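Next comes the sequence, and after it the predicted model I'd like to discuss.
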Amino acid sequence: MKSLGRLSFKGSIHFEEKMTHLLTQISVEIENSISANSYNCLLLIGGYGRGEGGVIRIDNIELPHNNLDFLFISKATSQKSENVLLSQVNTIISKYCSQVNIDFDLAIISDLKLKLTDPLVITYDMRFGHKVINGDASILQNMENFTLENIPDWDIRNLMVNRGTLLTINDLILAKKHHTMKDIKAVIKHCVKAIIGYGDALLYYNGQYHYSYAEKQRRMREQKNIDESFKKLYDEAMNFRFEPNYKKYLKQDLLQFQNSVKSTLKDIHLKCESISLKEKNM
């Protein structure tokens, strides 16, 4: 496997070496266990695929804060053969990730289905922000329709609705009489994801979207027509994504913070719809 470059934005050399070793083990076993004629490549996408994954320190040990997101591009011609490949790859990845207690998500798509896939935010992000764990990723590089210009408005609206749903889940969590630390951290993570999602949508409608988190953070800071308080909120959320600091949020009244985020994002949602529909008085 070629050098992967950085996987995280804030991780140490030790963290990078540990994660690269894990991915190399996965690559070697896939190469030794699965016929090269049955697949194109295994990709790492998401934050770590962009080289901007989050790192959290627990007892001075650096751990990935997010799941590793894998995409396996197969040459399968039937659902049955695709399911067999998915099971094989899942077994291999699970074997190594479980040894170091790292969670992962795995999706599979055939090269034919990929070629027929509509351009979306996720396909644009994936095309320009991924790492090849094993195989040949030229199929993804050649997907010239996966561009920012081809992303439909409805997909950005879906992004906002998806992230807004996380705040509805937060309402249900906060309505419980007792909260575990897992509940509290879920509320914080959901708020952060919602803030970033809505900020991304706002960047898109202002012609400033980018697949890189770091670049989006920089571009948001430079926007002149976006409220400074939201820019600060987005900036803090991005910093949390790179290097989570729960203590900062734990000092706040979470119900108050949640309601404040909902109120702010309602205004952002209307602003995005206003730009999309060219209607000033939403």
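Right, received. Where do you want to start?

So Gly51: helix, strand or coil?
Counting by DSSP: H, G, I helix; E, B strand; the rest coil, the backbone at Gly51 sits in coil.

any weak-confidence spans in this protein?
1-2 (pLDDT under 70).

Okay, helices next: where are they in it?
13-33, 46-49, 79-99, 111-116, 121-128, 138-141, 153-174, 181-205, 213-222, 228-242, 246-250, 254-277 (DSSP state H).

Buried deepest among the ones you listed, which one?
helix 46-49 (a mean of 24; mean count of other Cβ atoms under 10 Å). The C-beta positions use only the backbone N, C-alpha and C, and glycine is treated the same way.

what sits up against that helix?
By Cβ atoms under 8 Å, 6 or more residues apart in numbering, the residues outside helix 46-49 that reach it are 7-8, 19, 43, 53-54, 64, 66-69, 126, 129-131, 213, 241.

go again using 10 Å as the cut-off
4, 6-9, 11, 19, 23, 43, 52-54, 64-71, 104-105, 122, 125-126, 128-133, 211, 213, 241-242 (Cβ atoms under 10 Å, 6 or more residues apart in numbering).

related to what we said a few turns ago, mind putting the helices of the chain in a markdown table, distance to Asp59 included?
As requested, the helices of the chain are exported to a markdown table (distance: least, Cβ to Cβ, whole Å):
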| stretch | distance to Asp59 |
| --- | --- |
| helix 13-33 | 14 |
| helix 46-49 | 22 |
| helix 79-99 | 19 |
| helix 111-116 | 41 |
| helix 121-128 | 33 |
| helix 138-141 | 38 |
| helix 153-174 | 26 |
| helix 181-205 | 15 |
| helix 213-222 | 27 |
| helix 228-242 | 20 |
| helix 246-250 | 14 |
| helix 254-277 | 25 |
